[in-house]
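Peer 1: Sequence first, predicted coordinates after that:
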Amino acid sequence: MEMDIKSLVWQIQTLDGTLKNEANKAVNTLLTIRNWLIGYYLVEYEQKGQDRAKYGDKILQTVADSIGSDGFSF
């Protein structure tokens, strides 16, 4: 079966669009998992195994300052 140039271009564009969408979904899934785990680690650190944490230690600011502005990429 011979393919004309319009069909070739359409197939390449369709493939490109489909795979970009799948890549975006995979990245979004992984970033969601990353953010959930970071939250989990922060809660575990803050609560130290207790049901409730003592607030006022400013853990989020301390961690953010330690990581710096280029600690994460999105």
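Peer 2: Perfect, thanks for sending it. Just so we're clear, the structure is a prediction, and the values are computed from it rather than from any experiment. Numbering: from 1, shown residues only.
Peer 1: Which of the helices or strands spans the residue nearest to the spatial centre of the chain?
Peer 2: A centroid search over the chain (Cα atoms, centre = their mean) returns Leu31, at 1.3 Å, as the residue closest to the centre. Element membership for Leu31, per DSSP states H and E: helix 5-47.
Peer 1: What is that helix packed up against?
Peer 2: The contact analysis (3 or more Cβ pairs under 8 Å, 6 or more residues apart in numbering; DSSP states H and E) places helix 5-47 against helix 59-67. Where C-beta positions appear, they are placed from N, C-alpha and C, glycine not excepted.
Peer 1: neighbouring contacts of the helix it packs on?
Peer 2: Helix 59-67 has contacts (Cβ atoms under 8 Å, 6 or more residues apart in numbering) with 42, 45-46.
Peer 1: Quick one: mean pLDDT over that helix.
Peer 2: Mean pLDDT, helix 59-67: 79.
Peer 1: Let me know the angle separating that helix from helix 5-47.
Peer 2: Here the directions of helix 59-67 and helix 5-47 differ by 120 degrees (axes from the mean of the first three to the mean of the last three Cα atoms, to 10 degrees).
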